[in-house]
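>>> Sequence first, predicted model second:
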Amino acid sequence: MWRKGEACKIVCTQPRRISATSVAERISSERGEKVGETVGYKIRLETKGGKHSSIMFCTNGVLLKVLVGKRAVSSKTQPSNRFLKGDNFEVTHIIVDEIHERDRFSDFILAILRDMLPLYPHLHLILMSATLDAERFSQYFGGCPVIRVPGFTYPVKIFYLEDVLSILKSSDDNHLDSALLADTVEDDELTEDCRVSMDEAIDLAWSSDEFEPLLELISSNTTPRIFNYQHSLTGASPLMVFAGKGRVGVVCMLLSFGADCHLRAKDGTNALEWAQRENQGEVADTIKQHMENALSKSEEEQQLLDKYLATVNPEHIDTVLIEKLLKKICNDSKEGAILVFLPGWDDINKARERLLASSFFKDSSKFVIISLHSMVPSVEQKKVFRAPPPGSRKIILSTNIAETAVTIEDVVYVIDSGRMKEKSYDPYNNVSTLQSSWISKASAKQREGRAGRCQPGICYHLYSKTRSMSLPNFQVPEIKRMPIEELCLQVKLLDPNCKIVDFLQKTLDPPVSESIRNAIIVLQDIGALSQNEDLTELGEKLGLLPVHPSTSKMLFFSILMNCLDPALTLACASDYRDPFILPMVPDERKKAAAAKSELASLYGGYSDQLIVIAAFECWQRAKYRGQEARFCSQYFVSSNTMNMLSCLRMQLQNELIRSGLIPEDVSSCSLNARDPGILHSVLVAGLYPMVGRLLPYKSGKPFVETASGAKVRLHHQSSIMKLAKTKSKTHQLVVYDEITRGDGGMHIRNCTIVGPYPLLLIATEMVVAPPKGHEEDSDEDVSAFGSDEDEMEMHIGSSEQRGERIMSSPDNTVSVVVDRWLEFESTALDVAQIYCLRERLSAAILFKVKHPCEVLPPALGASIYAIACILSYDGLSGISLPLESVDSLTSMVNAAGINNSAAGEDSKSALSGGRRVVGQNISNSNNYLRQLMNDDIGYDVRHNSPSRYHKSRKPVSNGGHLSGSSAQIRSPSLPFVPIHGSQRPPQVQGLSGHGSGRQGSSGPRSGSYKRHRGSGTR
């Protein structure tokens, strides 16, 4: 097109940020120009180049935003069409690279582009990958042509496990010596119960075609004693049963596990004969081929493989075997870097420690051992590209990050463990899973190619040839194994009239309906969708910000609460990555843990999320004082990550300015940034509905109870572990980012202790009932404070009258149940005013959505200020920390002037105590951190210039006056006097934070009219 003189605009997507930036930089360098001229890139919150660039590289998520934005512009003129035929769309070519990786955005993009192509004849779409299932993609696009471009790679010799064992057998250091088998997993004898279960499962599989019990037993214990088990009466093995039933995939799996195809049942038949007898030709051919392959091997090689598989669990990483293979490679060759693929950081660390403990590898003049992981500092990562000193060999221990995003030119040898850490999502239990799993054939091919990029190489697969045949062709598409809240919201932005499930069914591999349902519930909880799944005005605004919808809701709330700065840090850190470095040496890991605890103490010591805010604030201060290197070294913080977070914050802040949500002068938007009560409420706004209850500690590991009633372990590295192990009878509330199921079971890693007030104000549902033991106690004696009129209509007549009786007297003690499981006690007056403030908060957020540049009406402004006061002085009440509490909510609301028009009058606060200030716990910190936090200099995050932090003891609220400071609400006319002791009714302990979580007869679980909530996990 350039040759014809026509306009050409190419957009090329990459699955990773590092790929988009590095490829753009390489092409720009080859063209003799800088990035941002004719070649640029755009990734989330970072851009180089733009309108005048002919080639733009971007992530799939960025292209999705462009396409959705295109629909938003088109809908203004013709709302009925998703895209307008013939309207102006400058892009001429869209290239989706590495399409085999199938992230959730790429599948979604393909569904959109398939609808767009007929409307834009000038638009060309190219899908690229070296390991592409070309025919399937071609069919998805109506039989489009397939172009196969032969690439050049150097020859790579492939060895599998049986070959590796033979190679090692020829050396003096035998891997199968009894002394070296000490680290392997022994196979225990089967118990009697297990034998009975296996007999029953084999009978069910053969007689009734009920295969699940047998498959479950095999998958839960992949040992020879299980998959070679023979029925106590018939002698039938699992391989025989599945061979006779024609289950080819299961037969391949069992053969890859090392199942013995020569075993014979009581009637003298083996698995092959079972398949032939039942006319299962494909299975018979598979088993026959396997037996022929086994016969073709030398007897010694087969014995080695059988012996190894009988003593080592193939699901585990055998560091002994890796060490011996590395030693063999180094002894038999003189040069060439070695790349070892391992599943995760723990495996990398274990392999590294074993090598450094070896007398052969510990000589640093002969071996350079480098760890490559996404959390390793960039300085460490860049070492993989450097040539080692003469006479030394480079050994790289890496995750799958080195499969496609990194090309290391001097790699000659690749050792492939065949395993990877994969994050998936269980929609039925609403739990994220991070576990080690087998790679796909496409990934295996990518790993082989790392050895032949610049010269001939060798790849050692540490799994058998049979296992390689049973590997899946491709990885499970991400859209089927990840939460999809963002995608569901984008569907409604793309076409508000389209049902979410209908559009997602058009994707190449649609997500399961339960996953869609969970995502819709989350979007309804944060107000992005109505109960009818219609896009709300708030949802439209949330979807246009370049962060997760829940994070967008947190930003809205932080703006109203005048606490924007820490919210920006939280938003960017959750989107980017943790700024802390993973030390290599064990002693350094202990120091790193102590450093994080010290930073945590700045915000009370009971928050994993707020540690990032503390680290960023201290880093800013240290950098301003010219002490960045000292701080990063002492507190194990990545300088590059912090600088990236700083840039991302700036980009996100500019996005908020462009949308009119904040003024260009942001100096007045973070005056409450160091108010712990308000800061915790901002965190609740971002993590809700991920709420749990810390159970009283008994012994072993602490547990958190979720909304579904599930009990989940607290991760041992959590900053609240110390508090969790204190023997307290109170039930602390926690908010968390997700529940993860790993190799060690389900756990919560990042969480924060919070008080009940933020939850009472932000939660979706609040139900009121008589207190326990009340004579009118019944399932229907409830009164709900929700926002859905159609649901409220269900509570009329007698139920409504009972609700009125409960709330008839201000001093009545009532039970408050939040989200159908968290229960508190308070007075009717307190609850009524909380309900009033909930409505005012929702109204204020909606007003800012509709009128981002306008000032809140006086009534809403006064209410927002009242909320800020309550959160500031009582936001941390209920947390078992050594602080005075301000007890009476009623006094708070009255003092804030919620019912009078004099909210703007200025007066002095009579506060005598009860409110914390960030940094007051630094007495336990070392002198350096104390000096940083006592420094009165703050930072203008927009201009990186010094400013002064607001040091008033009163919370400051914009009151929604985001376009200027002249209309800012000042302190109330009445003093904030803390009320203690007998001045507060003793039964109001629930709102001090001691939520009981009881579910008695008055609880709403059994008879509530609200929708049933999920488990509260993402």
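It's in. Residues are numbered from 1 along each chain as shown.
>>> Which helix in this protein has the most residues?
Counting residues, the longest helix in the chain under DSSP state H turns out to be helix 828-850.
>>> what comes up buried for that helix?
Going by neighbour count (16 or more other CB atoms under 10 Å), the buried part of helix 828-850 is 828-838, 840-841, 843-849. The C-beta positions use only the backbone N, C-alpha and C, and glycine is treated the same way.
>>> tell me what it is packed against?
For helix 828-850, the elements it packs on are helix 537-544, helix 549-560, helix 756-762, strand 766-769, strand 783-785, strand 813-818, helix 858-874, helix 889-895, judged by 3 or more CB pairs under 8 Å, 6 or more residues apart in numbering; DSSP states H and E.
>>> Can I get these in JSON lines including mean pLDDT, mean neighbour count and distance to residue 38?
Below are those laid out as JSON lines (pLDDT from 0 to 100; neighbours: other CB atoms under 10 Å; distance: least, CB to CB, whole Å):
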{"stretch": "helix 537-544", "mean pLDDT": "85", "mean neighbour count": "20", "distance to residue 38": "29"}
{"stretch": "helix 549-560", "mean pLDDT": "89", "mean neighbour count": "25", "distance to residue 38": "34"}
{"stretch": "helix 756-762", "mean pLDDT": "88", "mean neighbour count": "25", "distance to residue 38": "48"}
{"stretch": "strand 766-769", "mean pLDDT": "80", "mean neighbour count": "25", "distance to residue 38": "57"}
{"stretch": "strand 783-785", "mean pLDDT": "45", "mean neighbour count": "21", "distance to residue 38": "58"}
{"stretch": "strand 813-818", "mean pLDDT": "82", "mean neighbour count": "24", "distance to residue 38": "56"}
{"stretch": "helix 858-874", "mean pLDDT": "85", "mean neighbour count": "25", "distance to residue 38": "49"}
{"stretch": "helix 889-895", "mean pLDDT": "42", "mean neighbour count": "21", "distance to residue 38": "60"}
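>>> Phi, psi for the spatially closest residue to residue 249 that is not a sequence neighbour please.
Spatial nearest neighbour of residue 249, chain neighbours left out: residue 470 (7.5 Å); criterion: CB to CB, 6 or more residues apart in numbering. With angles defined as degrees, to the nearest 10, residue 470 sits at phi -90, psi 0.
>>> Distance-wise, check the closest residue to residue 408 other than its chain neighbours relative to residue 636.
Excluding the flanking residues, the one nearest residue 408 by CB to CB, 6+ apart is residue 384, at 5.4 Å. Distance, residue 384 to residue 636, using CB to CB, to the nearest Å: 21 Å.
>>> next one: residue 620
Using CB to CB, residue 620 is found at 17 Å from residue 636.
>>> cool, and residue 24?
From residue 24 to residue 636 the distance is 31 Å (CB to CB).
>>> next one: residue 16
Taking CB to CB, one finds residue 16 at 25 Å from residue 636.
>>> Who has more neighbours out of those two?
Set residue 16 next to residue 636 and count neighbours by other CB atoms under 10 Å: residue 636 wins out with 22 against 18.
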